[in-house]
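1. Structure for this input, please:
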Amino acid sequence: VNREEKRCSSVHQSSMSQSQKSNPSCSNNEMIICGSVRPDSKGAWKQKEMKTWFYFRVSNVPSSVTRLTFCIKNMNKQLRLYNQGLQPAVLRKYSSTSPPTWGRYCSDVNAEFEDGVFSLVFSYDINTKKHSPETLLAFAFCYPFSYEDLKERLSTWQAVSPSEADLQKGDVYFHREVVCKSVEGRDVELLTITEWDPAQASTRAPKIKPLFPETSTSHPRPYNFMDKKIFFLSARVHPGETPGSHVCNGLLKFLLNKEDPRAKLLREMFVFKIIPMLNPDGVSIGNYRCDSQGLNLNRFYNNPSFEAHPSIFASKCLTLYYMHVGRLQFYIDTHGHATKRGCFFYGNCLESSRHVDNVLYAKLVTLNSPHLDFMSCNFSEKNMFSKDKRDGLSKEGSGRVGTFFGTDITYCYTLECNYNTGRMMNEMAPPITSDSFPSIETYPISSDIPPYTPQSWEDVGRALAVSVLDLIEKNPCSRIPLSEFGSLASVKTWVKSHIKSSKKFHSSSQSCRGKISSRRRSHKEPIEVMLKGIVAGIAASCKSKKKHGSPLSPKPPRTRNTNRHSSPKPQRRNCQSKFVKKTSSQPPKKDIPSLTTTNSKTLTTDTTLTVAIATPSTCSSSATVTKSNFKSSSPTLEPASLLSHQLSFEEKEVHTDRRDLYSIEINQHTQQHLQQHTQQHTQRQKQCFQPKTSQSKKNIFDVLHRTSLSAPKQRQFIGLQRGNEGFSSSSPLQQSPVTLKKKMRMAKVDSHHKERRDKLASVLLGTRMQGRHGGK
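-> Reported below is the predicted structural model:
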């Protein structure tokens, strides 16, 4: 706080009397302090004019002062927010032993914009009975949640959670790890929360280089729990948007509750992956929207760099990995909002078949929280591709749109929460089993719209999890049966009608689908380069194993086949299965194609295996890659960009059921398109070039007689058929009065007649000729 020279702005001076202006620093037991807000990352190479966030402390206030008045100048224009009644948050701690309390205790809040300068003036009345020299006061733009607060809270939760050695079935599995370091060296942490089940905890998650720098034998990766889907949530990519952290805290408190039956069900069915602070550098230095380099990290999800955007790189790596093993189902990125009141979702514009489920989840959150405003949600195409007014960066690089283009999941959202209050309060129906579960939250009926507190945002975070149970119809304490809808089917019907009537909720049109498809193709082109390198790494690892051998499975003696002609010829395999050793005859589950490990011992490996994220352009069949504990000769790349380098996976300790040390099943879901295309192409070739049966020739002969084609064209078609294969004696074409030699003679025409003949054959056969005419 700047106390030099000017002690008050013109805004506050206009409200003071003439006697007060003579002594602006202290009048009538009032102390006036004036300061200004610096822009985000002042002095950085990309300085951003973001001047909204402030958070400062005041101590050693003289006992004679009963009122503090602050004037903060040179801020970004936030007239709408303060005109809606926003007050700065105040921390009061009267002694070293008393607990700190946050609240909206300011008065006379006045915001004005004059001569291009935005100024904020507010006052705080000191309680003289409780005030002492030890009293500590703090003032902030909104309820803060600092990097130190996060570390302290995570340490508290980790201390009360049982260690891995003491875990029993049904306990809460809470794992904390550092996914990467920020640009300035701070920890970006990843939390894993689920229900502990020893039967599913046989393998640990692989290490993804260069992520997880602190992973070691003493700090291993969490267990996989491969039969469970992934719920991924991130917060604080914009450091000043503290409501996102409070939403995240509400979700964490709910999931760690051992008594709530809804939390237990969620932990049994899902693995929650949470990054509570994506931008620790910006939070620590007091920025509002940018990191320490002056970058808006929520615009770099398309092509993140590990050096410049390590946390975004880590988030993109994890979501891509979870998607390609078939487990990612929900993605939510939490934010704060300054202009639009209420809490609401930004969603993607999908095709009609999936768009109903996309909007349905937002409506279910509305039924479980009084603070979420469904009518303020936006699922339009425009909201996916609009550009910022300040820097011109598109929302295509945001976490919501960038993750959707990379994963194509249905439930992908941005959650926005206003700093102050909402437009309305939802009327909450009671839960159906409130007597059996007294811990279920209840909401009093009130027509007032109170200002938001951390408890309000935490309630929204709890509703995010509870609505998942309503979506899959497994909520034991659902509010839907006693609501105005009565059932999930009625809610879905209401959502369908609402989508048709509101522009903000319209499903994607044909032009929108084309635009989204073209954007997705442009985003996936650099990813395919990375995937080809990953597949090559798998093949190299398998080839190296085959060359060096495995000490666990000795190489059988080579025997010469003396009766080579009697043995059946082995079926031809593609280039990927050339180095593949299958470990199981049973196909993987279709719902969750997963990364599985099957061994009988706990072994330590030195090999860094590059795991394929399969796409139709890189894989054509399902295979299982087996890896042993040999020293790999292939180098390990240090990727600088997610979209131009390969991701490498490494595991130190593996608990398995068979002799093979490590097996990875290549995803089948991403190969279906290529397999379908290959089958169609083979079928077309058979229809065009393989010998026809007598029944097929009879059908063709009937077609010839039913058409109004001229006799020469019919003879040309017959000659084409005879030129491709011979006919059986029972063929109707063989009984034609036209002799075989004449048919063969008529088939030898010039290139022009050949092209016309091919087109005629393709029409009559109902197929497209593949070959010299390029699919015409």
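
2. Just the terminal-to-terminal distance for stretch 64-84.
-> Between the opening and closing residues of stretch 64-84 we find a distance of 34 Å, counting by C-alpha to C-alpha, to the nearest Å.

3. Pull out the buried residues from that stretch.
-> Neighbour counts over stretch 64-84 (16 or more other C-beta atoms under 10 Å) mark 66, 67, 68, 69, 70, 71, 72, 73, 75, 78, 81, 82 as buried. C-beta here means a position set from N, CA and C on the backbone, and glycine is covered the same way.

4. out of those residues, which are inside helices?
-> For the buried residues of stretch 64-84, the ones inside helices are 81, 82, with DSSP state H as the criterion.

5. Dump the buried residues of stretch 64-84 into JSON lines; add distance to residue 215 and pLDDT as well.
-> Rendered in JSON lines, the data for these read as follows (distance: C-beta to C-beta, whole Å; pLDDT from 0 to 100):
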{"residue": "66", "distance to residue 215": "56", "pLDDT": "90"}
{"residue": "67", "distance to residue 215": "54", "pLDDT": "93"}
{"residue": "68", "distance to residue 215": "49", "pLDDT": "93"}
{"residue": "69", "distance to residue 215": "52", "pLDDT": "94"}
{"residue": "70", "distance to residue 215": "47", "pLDDT": "95"}
{"residue": "71", "distance to residue 215": "50", "pLDDT": "94"}
{"residue": "72", "distance to residue 215": "44", "pLDDT": "93"}
{"residue": "73", "distance to residue 215": "48", "pLDDT": "89"}
{"residue": "75", "distance to residue 215": "43", "pLDDT": "90"}
{"residue": "78", "distance to residue 215": "43", "pLDDT": "90"}
{"residue": "81", "distance to residue 215": "43", "pLDDT": "92"}
{"residue": "82", "distance to residue 215": "47", "pLDDT": "92"}
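
6. The buried residues of stretch 64-84 in strands, which ones?
-> Where these overlap with strands, as defined by DSSP state E, the overlap consists of 67, 68, 69, 70, 71, 72, 73, 75.

7. Out of these, which two are the most distant from each other?
-> Taking C-beta to C-beta as the measure, those span a maximum distance of 22.2 Å, between 67 and 75.

8. can you pull out the strands in the stretch 51-200 of the chain?
-> In order along the chain, the stretch 51-200 of the chain carries the following strands (DSSP state E, counting those that start in this stretch): 55-58, 67-75, 89-93, 101-103, 107-114, 117-125, 136-140, 172-181, 187-195.

9. Need the contact partners of the longest one.
-> Contacts to strand 172-181, defined as C-beta atoms under 8 Å, 6 or more residues apart in numbering, come from residues 154, 157-158, 161-162, 167, 187-196, 210-215, 219, 221-223, 255-256, 258, 267, 275, 306, 310-311, 313-314, 318.

10. For residue 225, see how far away the nearest residue to residue 431 once chain neighbours are set aside is.
-> Distances taken as C-beta to C-beta, 6 or more residues apart in numbering put residue 477 closest to residue 431, at 4.1 Å, once the chain neighbours are dropped. Counting by C-beta to C-beta, to the nearest Å, the gap between residue 477 and residue 225 amounts to 25 Å.

11. the more surrounded of the two?
-> When residue 477 and residue 225 are compared on other C-beta atoms under 10 Å, the one with more neighbours turns out to be residue 225, at 22 against 19.

12. For that one, give me its contacts.
-> Residues touching residue 225, when contacts are defined by C-beta under 8 Å, 6+ apart, comprise 194, 197, 200, 201, 271.

13. Show the pLDDT at it.
-> Note on residue 225: pLDDT of 93.

14. and it, which of the three is it?
-> Under the three-state scheme (DSSP: H, G, I helix; E, B strand; the rest coil), the conformation of residue 225 reads as coil.

15. Report the separation between it and residue 262.
-> Remark: distance between residue 225 and residue 262 (C-beta to C-beta) = 19 Å.

16. isn't residue 170 right next to residue 195, touching?
-> Yes - using C-beta atoms under 8 Å, residue 170 is in contact with residue 195, at 6.7 Å.

17. can you give me the strands in the stretch 351-500 of the chain?
-> Taking DSSP E, counting those that start in this stretch to define them, one finds strands in the stretch 351-500 of the chain at 411-418.

18. low pLDDT regions in it?
-> Along the stretch 351-500 of the chain, segments meeting pLDDT under 70 span 434-436, 438-439.

19. which residue ranges form the helices in it?
-> Counting by DSSP state H, counting those that start in this stretch, the stretch 351-500 of the chain has helices at residues 352-368, 382-385, 399-407, 454-471, 488-501.

20. tell me which strands and helices the second one is in contact with?
-> What that stands for is helix 382-385. Counting contacts by 3 or more C-beta pairs under 8 Å, 6 or more residues apart in numbering; DSSP states H and E, helix 382-385 packs against helix 510-548.

21. For the helix it packs on, the averaged confidence score.
-> Model confidence over helix 510-548, given as mean pLDDT, is 52.

22. got it, and stretch 146-163?
-> So the average pLDDT for stretch 146-163 ends up being 94.

23. Dump it to PDB, restricted to CA.
-> As requested, C-alpha coordinates have been extracted for stretch 146-163 and formatted as PDB (Å, rounded to 0.1, in the frame of the first residue of the first chain):
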ATOM      1  CA  SER A 146      -3.300 -18.900  -1.800                       C
ATOM      2  CA  TYR A 147      -0.600 -21.400  -2.800                       C
ATOM      3  CA  GLU A 148       0.400 -21.800   0.900                       C
ATOM      4  CA  ASP A 149      -3.300 -22.400   1.800                       C
ATOM      5  CA  LEU A 150      -3.400 -25.200  -0.700                       C
ATOM      6  CA  LYS A 151      -0.200 -26.800   0.600                       C
ATOM      7  CA  GLU A 152      -1.500 -26.700   4.100                       C
ATOM      8  CA  ARG A 153      -4.900 -28.100   3.300                       C
ATOM      9  CA  LEU A 154      -3.500 -31.000   1.300                       C
ATOM     10  CA  SER A 155      -1.000 -31.900   4.000                       C
ATOM     11  CA  THR A 156      -4.000 -32.000   6.500                       C
ATOM     12  CA  TRP A 157      -6.000 -34.300   4.300                       C
ATOM     13  CA  GLN A 158      -3.000 -36.500   3.700                       C
ATOM     14  CA  ALA A 159      -2.300 -36.800   7.400                       C
ATOM     15  CA  VAL A 160      -5.800 -38.000   8.200                       C
ATOM     16  CA  SER A 161      -5.900 -40.500   5.300                       C
ATOM     17  CA  PRO A 162      -4.500 -44.000   5.900                       C
ATOM     18  CA  SER A 163      -1.200 -44.900   4.400                       C
END
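
24. Show residues contacting that stretch.
-> Under the criterion C-beta under 8 Å, 6+ apart, residues 168, 171-172, 174, 176, 186, 189, 191, 245, 249, 252, 256, 276-277, 280, 283-284 lie in contact with stretch 146-163.

25. in it, what's buried?
-> For stretch 146-163, burial by neighbour count (16+ other C-beta under 10 Å) applies to 146, 147, 150, 153, 154, 157, 161.

26. Distance of the third one relative to residue 412?
-> This means residue 150. For residue 150, the distance to residue 412 (C-beta to C-beta) stands at 25 Å.

27. ditto for residue 280
-> With distances defined as C-beta to C-beta, the gap from residue 280 to residue 412 amounts to 24 Å.

28. Over to residue 326?
-> For residue 326, the distance to residue 412 equals 16 Å [C-beta to C-beta].

29. of those two, who's got more company?
-> A side-by-side neighbour count of residue 326 and residue 412, using other C-beta under 10 Å, places residue 412 first with 28 against 23.

30. Now do the contacts for the more buried one.
-> 330, 331, 347, 348, 400, 403, 404.
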